[in-house]
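Chemist: Okay, here's the prediction I keep looking at, along with the sequence it came from:
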Protein chains: 2
Amino acid sequence: MNGLPPVLVIGGGPAGLRAAADLADLGYSVVLVEKRGELGGAPVRWKYKTLAPELRPTEEVMMPLIEYAEKNGRVKVYKNSVVERCEGGAGDFAVTVKNLSNGSSEKIKASAIIVATGFEHFDARFDPRYGYGRNPNVIGIHELEGMIKEGRIVKHDGTPPKRIAFIFCVGSRDRATNPWCCTVCCGVSIKQAIEVKELLKDAEIYVIYMDIRTFGLWEKLYWTSMEEYGINYVRGRVGEIYYLDGKLLVKGEDTLVRGPFEVLFDMVVLAVGMEPGEGTKQIAKALNLRVNEFGFLKPKHPNIHYDSGREGIFLAGACVAPMSVEEAIAEGSAAAMQAVKLLNRLSPVLAKSGGG
Amino acid sequence: MNGLPPVLVIGGGPAGLRAAADLADLGYSVVLVEKRGELGGAPVRWKYKTLAPELRPTEEVMMPLIEYAEKNGRVKVYKNSVVERCEGGAGDFAVTVKNLSNGSSEKIKASAIIVATGFEHFDARFDPRYGYGRNPNVIGIHELEGMIKEGRIVKHDGTPPKRIAFIFCVGSRDRATNPWCCTVCCGVSIKQAIEVKELLKDAEIYVIYMDIRTFGLWEKLYWTSMEEYGINYVRGRVGEIYYLDGKLLVKGEDTLVRGPFEVLFDMVVLAVGMEPGEGTKQIAKALNLRVNEFGFLKPKHPNIHYDSGREGIFLAGACVAPMSVEEAIAEGSAAAMQAVKLLNRLSPVLAKSGGG
């Protein structure tokens, strides 16, 4: 449209899809590169049924974005692909896109780049105290989402659990694993506890937490979970989990009553944190981007997320910091705006058109 | 530039200024209406010295935005002004702007409207237990910011305090006042505790909290405050504060050791929450916008903040929910992008220019 090559968007989750849709809507060509075989990022990969804080169906947010990217002629989607190399600069990047399925590579030009590579859930096998991957019926919140979506919460033997514990801050706020807070895991877990209770009316649900972090308007989830759903909250830390006669013995310390506890549960759900994924680490190297001490992409200024510090490269979403879907969407749109401003400076379509 | 009237931005804080700058940078005319006599919103009004989480000077973020609005010929700034009435629709709004200083009114046309009216700090006089406005040396975090900026932390008698208590969740997470969480007040208060400790090396600082909510990468502030600055944390609730012989007697309950406490302090800092201000209430009526049960502007979809549900009117920043400066900036840019898309549909400058 302006004599410039397309904008490259890396990552097909909420932030990347929002950026691609905004750019295409304005008439810009977009190349969207997604590592996996489907678009939608974490909400689609992990089959989020609803989004906190109001439990609205995830499809309401994600489907229009995915359909736009798939069907709009201005967005060329490369699935199963990563950006391997990048040369040149703003207005004239030369990028090598590698297809992970067949190993082929393609060189493409890009006028600007938006990096929206998202996050991965913490792999709870790296914190052995919970026995994740070893004990049956110890699952992550990302796995519970799929069960909630199917409407079928079951143990590995196919029967529904009666007593369920959610353990917060697994791979979060913990120097042995990841010291940062995952921002949304408290709220998402509480949302799930409510949804489980709606599916299994007789379930007894306990949440074991350090601090309840339902920020902003998400706070309402916390109150509702206690008052309308009878979710129980225990301030404490879990030391270990044993699998005993088909039950899970959860041992820990209650930091409010200041004593140890040993309680049997049928299922334990780990609120696994968010961390930068391999895709983020790889793209940081390929594009020569700054990362912080934890591996998140580090903006030039901590309070202005979209500015990568490299001209023509913009950041959006959970590759910068753990955040909600609503924040990722805003950041995707903001990054698209910054890209449009750059393109308009390089090839002033808007200003050329006249007055004011 | 496109035969359409300017975009109206209501509110001159981080979100509104970011939106105005993005639009003007693309060549669009902007009318920026700010209720107060200066631009910058809360960070300028309350003299934020630095921004959490990395204690970077507020000027780094705010000054370029303010200067852009003041000096760019495409942004017409109305200070001391509010939008009183609004007729018409997308592409052709007719808006009455009233000057609060002289009472005069002006009718202006607007193609699109971005509402970024921000927040107000909770007025702690409405929660009488703290004696704010009655007891000397009970101040709010917004007032402490100014002292930190001046580099002079003093009691009302001009001497520095030795023992300082921060009380979290004042006008937040409390049914008697505001039930939501203010999202950033924990982190901002901890930032301030660190800054006070740097100014007053001998100060003893206690934080009285319900849950510590330093979300995402802000978590580091919490650890640093304990390990490098010796800030003390007490999980509890304050019931009342008495002024006794020049000291403040803080009475409450420690919810960890499960017992009452009565401790003397020289100064008490209330982490007052964020709430929708009069400007937000007024604009909701003037523009016929939906508000939620708390008075925040309610987007059409809870996970897509910028969409007001009224065509041509977009939302950004803390008028939608309590949020950080970095979130408000992203939302300002996102709202600007949505406005540009609308204008381009109404008068397709970009698409007209050709191909792809």
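Modeler: Structure's in. What do you need?
Chemist: Find the closest residue to chain B in the stretch 151-300 of chain A.
Modeler: A:Asp211 (3.8 Å; CB to the nearest CB). All C-beta atoms are positioned from the backbone trio N, CA, C, and that covers glycine.
Chemist: is the helix or strand that contains A:Phe314 up against chain B anywhere?
Modeler: Using DSSP states H and E, A:Phe314 maps to strand A:313-315. No: Strand A:313-315 does not reach chain B (CB under 8 Å from any CB of the partner chain); its nearest approach is 10.2 Å.
Chemist: what's in contact with that strand?
Modeler: A:90, A:112-116, A:287, A:289, A:297, A:299, A:305-308, A:331, A:335, A:338-339 (CB atoms under 8 Å, 6 or more residues apart in numbering or on different chains).
Chemist: how many neighbours does the residue of the stretch 151-300 of chain A closest to chain B have?
Modeler: 19 (other CB atoms under 10 Å in any protein chain shown).
Chemist: In space, what's closest to it - neighbours in sequence excluded?
Modeler: Nearest residue to A:Asp211, sequence neighbours excluded (CB to CB, 6 or more residues apart in numbering or on different chains): B:Asp211, at 3.8 Å.
Chemist: contacting residues around that neighbour?
Modeler: Here B:Asp211 is in contact with A:Asp211, A:Ile212, A:Arg213 (criterion: CB under 8 Å, 6+ apart).
Chemist: Reformat the residues you listed into TSV and put secondary structure and pLDDT next to each item.
Modeler: Below are the contacts of B:Asp211 laid out as TSV (DSSP: H, G, I helix; E, B strand; the rest coil; pLDDT from 0 to 100):
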residue	secondary structure	pLDDT
A:Asp211	coil	97
A:Ile212	coil	98
A:Arg213	coil	98
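Chemist: Nearest to B:Asp266, out of those: which one, please.
Modeler: Distance from B:Asp266 was checked for each of the contacts of B:Asp211 by CB to CB. The minimum falls on A:Asp211, at 27.9 Å.
Chemist: The longest helix seen in chain A near chain B at all?
Modeler: Assignment by DSSP state H gives helix A:325-346 as the longest helix of chain A. Yes: counting by CB under 8 Å from any CB, chain B has neighbours in helix A:325-346: A:325-327, A:329-334, A:336-338, A:340-341, A:344.
Chemist: can you pull the buried residues of that helix?
Modeler: In terms of neighbour count (16 or more other CB atoms under 10 Å in any protein chain shown), helix A:325-346 has its buried residues at A:325-344, A:346.
Chemist: For the residue nearest to A:Ile153 when sequence neighbours are not counted, the count of nearby residues, please.
Modeler: Excluding the flanking residues, the one nearest A:Ile153 by CB to CB, 6+ apart is A:Met147, at 5.0 Å. Applying other CB under 10 Å, we find 20 residues neighbouring A:Met147.
Chemist: just checking, next helix/strand downstream of the longest strand belonging to chain A?
Modeler: Secondary structure of chain A read by DSSP state E shows that its longest strand is strand A:232-244. Using DSSP H and E, the helix or strand that follows strand A:232-244 in sequence is strand A:247-254.
Chemist: contacts for that next one?
Modeler: Residues contacting strand A:247-254 (CB under 8 Å, 6+ apart): A:135, A:137-138, A:165, A:167, A:208, A:234-243, A:259-268.
Chemist: Name only those of these that count as buried.
Modeler: Using 16+ other CB under 10 Å, the buried ones in the contacts of strand A:247-254 are A:135, A:137-138, A:165, A:167, A:208, A:234-238, A:241, A:261, A:263, A:265-268.
Chemist: Pull up the per-residue confidence for A:Thr117.
Modeler: At A:Thr117, the pLDDT value in this model is 98.
Chemist: looking at it, it is touching A:Cys319, isn't it?
Modeler: Yes: taking CB atoms under 8 Å as the definition, A:Thr117 is a contact partner of A:Cys319 at 4.5 Å.
Chemist: what is in contact with the two at once?
Modeler: In contact with both A:Thr117 and A:Cys319: A:Gly11, A:Thr280, A:Ile283, A:Leu297, using CB under 8 Å, 6+ apart.
Chemist: nearest spatial neighbour of the first one, skipping sequence neighbours?
Modeler: The shortest distance from A:Gly11 to any residue that is not its chain neighbour, by CB to CB, 6+ apart, is 3.8 Å, and that residue is A:Ala116.
Chemist: got it, and A:Gly140?
Modeler: Nearest residue to A:Gly140, sequence neighbours excluded (CB to CB, 6+ apart): A:Val272, at 4.5 Å.
Chemist: separation between that neighbour and A:Val7?
Modeler: A:Val272 sits 33 Å away from A:Val7, going by CB to CB, to the nearest Å.
Chemist: rewinding a little: give me the element the residue nearest to A:Ile153 is part of.
Modeler: Per DSSP H and E: helix A:141-150 holds A:Met147.
Chemist: Check what pLDDT A:Asn2 gets.
Modeler: A:Asn2 is given a pLDDT of 70.
Chemist: hang on, it in a strand?
Modeler: No: A:Asn2: not assigned to a strand; according to DSSP: H, G, I helix; E, B strand; the rest coil it is coil.
Chemist: For it, the count of nearby residues, please.
Modeler: Count around A:Asn2 with other CB under 10 Å applied: 21.
Chemist: do you know how far the residue of the stretch 151-300 of chain A closest to chain B is from B:Val184?
Modeler: 15 Å.
Chemist: quick revisit: is any residue of the longest strand of chain A near chain B?
Modeler: No: applying CB under 8 Å from any CB, one finds strand A:232-244 separated from chain B by no less than 8.6 Å.
Chemist: Name the strands paired with that strand and say parallel or antiparallel.
Modeler: Strand A:232-244 pairs in its sheet with strand A:204-209 (parallel), strand A:247-254 (antiparallel), by DSSP bridges.
Chemist: Relative to the helix or strand just after the last one, what are the paired strands and their orientations?
Modeler: Okay, so that is strand A:247-254. The C-terminal neighbour of strand A:247-254 among helices and strands, as given by DSSP H and E, is strand A:259-265. Strand pairing for strand A:259-265, using DSSP bridges, gives strand A:247-254 (antiparallel).
Chemist: what mean pLDDT does the strand it pairs with have?
Modeler: Strand A:247-254 comes out at a mean pLDDT of 97.
Chemist: Going by neighbour count, list what's buried in it.
Modeler: A:Lys247, A:Leu248, A:Val250, A:Gly252, A:Glu253.
Chemist: And stretch A:162-180, by the same measure?
Modeler: A:163-174, A:177-178, A:180.
Chemist: cool, stretch A:50-65 as well?
Modeler: Buried-residue list, stretch A:50-65, by 16+ other CB under 10 Å: A:Thr50, A:Leu51, A:Ala52, A:Pro53, A:Leu55, A:Thr58, A:Glu59, A:Val61, A:Met62, A:Leu65.
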